[in-house]
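Chemist: Below: sequence and its predicted model.
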Amino acid sequence: MKAPPTLRARRGISVVTVVGVMGIVISFVGFWLANRATSQTRNRHLDSISEQARASVQRRMDANVEAVFGLRGLFLSHDTVDGSKFADYVASSDLFRRSRGSSALSFDRRVPFAQIAAFEGAVRAAAPPGSPRASYRVQPLPSPGADAVVVDLIEPRAGNEDALGFNVADDPVRAEAIAAARDTGGAVCTAPVELVQRESTVGVLVFLAVYRGNSVPVTAPARRRNFEGVVAAVIDVNVLLRDVLGLEPTVRVAIYDVGPIVADVPAVPTAGRRLFASDTAAENLRSAPRVLDLNVADRRWRLLVAPRQGFESVSERIVPFAVALAGLVVTALGMALANTTVRARRMAEALAADTGASLRARESDLRRTVAELQKANEQLRDLDRRKDTFLGTVSHELSTPLTSIKGFAALMSRGDLTEAQRADFLQRIARNAESLHGVVEQLLEFSQLQRGSMRLNLEELDLSVLVTDILRQSAIVLADHELISEITDGLRIRGDRLALTRVLSNLLTNATKYSPKGTRVWVTLWEDSAQALLGVRDDGPGIPEDEREHIFDAFYRGRDTERTREPGTGVGLALVKEITGSHGGTVRMQAPAAGGAEFIVALPLLDGTPD
């Protein structure tokens, strides 16, 4: 029996309304999901730019710190350093090409107040006629009884002649940094100062103390007694950072000095401590979506990064609206289809059912499409994150020993080195070369495993004997730690001897690297459920709980903690995981109640191993 016309009309209106409401809801959900995915992409991009900026600034300032350490090595290895030796060394360091903001390197000599007149006369007497030193004077003079710290040697000389004789200690900011460098023996950076060589230019100076003799005194009183002056790197911060932080058109960047590392950090930096601003709008930047701190020679710098208008691309702005528009178009088509179905008398129920099924299928397809887009976006972000981490880590791990090798090789070219100094420099070069070799070898092994090009030479092994041999061969690695081993005999597996040696060696290296000298390292080997379990535990600071799920990821280094300040490429544990997996085993990390970290490798035993 047919339904009355008025009832059929009400049913038709109800179906069309439901289709419209569902379509609008689906369109809204699609818009929300697409907008959230776009926002996450935007945040990841801002994170990537901020991290790259921080790493670039750190590398440039590290180059200046390395330069002053190299200069101090020059003074420690020579009884006297004249202008010629100083100029030759600075030219060989290649600092001004590598770091354009470095405007000068100098040696600032300590001159007691009573000796200033004699010092001025000696400099003028030794100067050729017409040279800047012929009219050498110490300015400004210190208070009676106080010491002056005057610019005695400087490179490049051209453009810096006015700095000769300048009493650096006359300025309280410079004087404070010089005193800290003198007492600690380490590199110390000043707060922002106006550079003498360039009027109205803000810069910083990195000081490193020079002492009498061929070594750095052990105690602070001894350092004060033997203090001869400082080597200094004069840095025009605007020039140094302009080509690093001023080239990204989509963000604004500002850098502030927020004080010594040991001091309390202010919540909002002051304008007087600003070191750099990428544009006039960035000059008023006091807070930003991204705030990163970095350490520069005993001081903390704060990097603020904020997106400009237009940071989000046109395509990113359009995607959420395109998704919503597509949903509304589908909704309109569905409503038209529902309306047509209601009007078809003979196929009303069948067409209504088909319309509902079609709408559900469209809804499912839309959700599936959004989910696939989210997954693809996350994979792209992860790949971009890993690329940035890899480049930054490998750049740092390779550039540091290379810089040391180059510096000591330059010192080796001096003809007046003693045999002991030459042997010491050769040993340092060899250690840095070995460090480079280790980094490259570890990266090659990991790359081969990832590509599947590393062939395992599988054989039947007595794991108990192999572990015992490795521990015996690792005596040097374990020399500063107490080894506690408990090894069950007769555990036989099928594996590659060299690859498994790499697994245990990496775990032992991590245990000793991240635990204080004199602490214990445990190595245990036992059987459980047809598996050989190999555990390595240390007494170090442990791993934060929120980072444990990432520690086996390639190139993951974690936050700036006691563990991440140790050098490394971030592939050691990833290599352990890949090798263990290729043997059909697993590796996991657990946190012992007593502290530290413990890594447990599980490998399948051969059939027939005694219980």
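Modeler: Yep, it's here.
Chemist: Only C-alpha atoms from now on, for both contacts and neighbour counts.
Modeler: Noted.
Chemist: quick check, distance from stretch 20-28 to the centre of its chain.
Modeler: 46 Å (Cα atoms, centre = their mean, to the nearest Å).
Chemist: Output that stretch as PDB, restricted to C-alpha atoms.
Modeler: Provided in PDB are the C-alpha atoms of stretch 20-28 (Å, rounded to 0.1, in the frame of the first residue of the first chain):
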ATOM      1  CA  GLY A  20      22.700  18.600   3.700                       C
ATOM      2  CA  VAL A  21      23.500  18.500   7.400                       C
ATOM      3  CA  MET A  22      25.800  15.500   7.000                       C
ATOM      4  CA  GLY A  23      27.600  17.100   4.100                       C
ATOM      5  CA  ILE A  24      28.100  20.400   6.000                       C
ATOM      6  CA  VAL A  25      29.400  18.500   9.100                       C
ATOM      7  CA  ILE A  26      31.800  16.500   6.900                       C
ATOM      8  CA  SER A  27      33.000  19.600   5.200                       C
ATOM      9  CA  PHE A  28      33.600  21.300   8.500                       C
END
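Chemist: Just the buried positions in it, please.
Modeler: G20, M22, G23, I24, V25, I26, S27, F28 (16 or more other Cα atoms under 10 Å).
Chemist: Other residues contacting that stretch?
Modeler: Applying Cα atoms under 8 Å, 6 or more residues apart in numbering, the contact partners of stretch 20-28 are V323, A324, L325, A326, G327, L328, V330, T331, A332, G334, M335, E363.
Chemist: same check, this time on stretch 150-157
Modeler: Against stretch 150-157 from outside (Cα under 8 Å, 6+ apart): 83, 86-87, 90, 103-111, 138, 160, 163-169.
Chemist: Would you mind giving me the PyMOL syntax to select the buried ones in these?
Modeler: Burial among these is assessed by 16+ other Cα under 10 Å; the matching PyMOL selection reads:
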select buried, resi 86+87+90+103+104+105+106+107+108+109+110+111+138+163+164+165+166+167+168+169
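Chemist: Narrow the contacts of stretch 150-157 to those in helices?
Modeler: Counting by DSSP state H, these place G83, F86, A87, V90 in helices.
Chemist: avg pLDDT for the longest helix along the chain?
Modeler: Scanning the chain for the helix with the most residues, using DSSP H, yields helix 5-76. Averaged over helix 5-76, pLDDT sits at 80.
Chemist: Stretch 184-194 too?
Modeler: Averaging pLDDT along stretch 184-194 gives 91.
Chemist: Number of residues surrounding V268?
Modeler: Per other Cα atoms under 10 Å, the neighbour tally for V268 reads 11.
Chemist: What about it? Give its phi and psi, please.
Modeler: Backbone torsions for V268, taken as degrees, to the nearest 10, come to phi -130, psi 120.
Chemist: follow-up on the earlier one: identify the farthest-apart pair in the contacts of stretch 20-28.
Modeler: Of all pairs drawn from these, the greatest distance, 18.3 Å, lies between V323 and M335 (Cα to Cα).
Chemist: May I have the secondary structure class of G535?
Modeler: strand (DSSP: H, G, I helix; E, B strand; the rest coil).
Chemist: Quick check: closest non-adjacent residue to it.
Modeler: In space, and not counting its chain neighbours, G535 is closest to I600: 4.3 Å by Cα to Cα, 6 or more residues apart in numbering.
Chemist: and that neighbour, what does it touch?
Modeler: L533, L534, G535, V536, V587, R588, M589, Q590.
Chemist: Looks like the third one contacts V601 (just checking).
Modeler: Same thing as G535. Yes. G535 is within contact range of V601, at 6.4 Å (criterion: Cα atoms under 8 Å).
Chemist: picking up where we left off before, name the strands paired with the helix or strand where the residue nearest to G535 lies and say parallel or antiparallel.
Modeler: For I600, the enclosing helix or strand under DSSP states H and E is strand 598-604. Strand 598-604 has the following sheet partners, assigned by DSSP bridges: strand 531-537 (antiparallel), strand 586-590 (antiparallel).
Chemist: Now the last one: buried residues?
Modeler: Of the residues in strand 586-590, those scored as buried under the neighbour-count criterion (16+ other Cα under 10 Å) are T586, V587, M589.
Chemist: Make sure the second one is actually in contact with V601.
Modeler: Same thing as V587. Yes. If you go by Cα under 8 Å, V587 and V601 touch, sitting 4.4 Å apart.
Chemist: where do the contact lists of these two overlap?
Modeler: In contact with both V587 and V601: T580, using Cα under 8 Å, 6+ apart.
Chemist: I493 versus A530, what's the distance?
Modeler: Counting by Cα to Cα, to the nearest Å, the gap from A530 to I493 is 10 Å.
Chemist: Stretch 537-551 - what's its average pLDDT?
Modeler: Rounded mean pLDDT across stretch 537-551 is 84.
Chemist: Now do it: distance from first to last residue.
Modeler: Start-to-end, stretch 537-551 (Cα to Cα) is 15 Å.
Chemist: which parts of it are buried?
Modeler: Result for stretch 537-551 [16+ other Cα under 10 Å]: buried residues R537, D538, D539, G540, G542, I543, I551.
Chemist: about what we covered before: going by distance to R124, which of the contacts of I600 wins?
Modeler: For these, the nearest to R124 is V536 (67.0 Å; Cα to Cα).
Chemist: Now the closest residue to P289 other than its chain neighbours: phi and psi?
Modeler: In space, and not counting its chain neighbours, P289 is closest to A306: 5.8 Å by Cα to Cα, 6+ apart. Backbone torsions of A306, given as degrees, to the nearest 10, read phi -130, psi 140.
Chemist: Before we move on, what's the pLDDT of A306?
Modeler: On pLDDT, A306 comes in at 87.
Chemist: what pairs with it across the strands?
Modeler: For A306, the beta-bridge partners under DSSP bridges are R252.
Chemist: And it, how close does it get to R286?
Modeler: 10 Å.
Chemist: Could you do A53 as well?
Modeler: Per Cα to Cα, A53 is found 18 Å from R286.
Chemist: Between these two, which is the more surrounded one?
Modeler: A53 (21 against 16).
Chemist: Other residues contacting stretch 239-259?
Modeler: With Cα under 8 Å, 6+ apart as the test, stretch 239-259 has contacts from 53, 56-57, 60, 99-102, 191-192, 265-266, 269-270, 273-279, 281-283, 285, 299-311.
Chemist: Show the buried residues in those residues.
Modeler: For those, a neighbour count by 16+ other Cα under 10 Å gives the buried set as 53, 56-57, 60, 99-102, 191-192, 269, 273-278, 282-283, 285, 299-307.
Chemist: Inside helices: which ones of those residues?
Modeler: Secondary structure defined by DSSP H assigns A53, S56, V57, R60 of the buried ones among the contacts of stretch 239-259 to helices.
Chemist: and of these, the nearest to S143?
Modeler: Nearest to S143 among these, with distances taken as Cα to Cα, is R60, at 36.5 Å.
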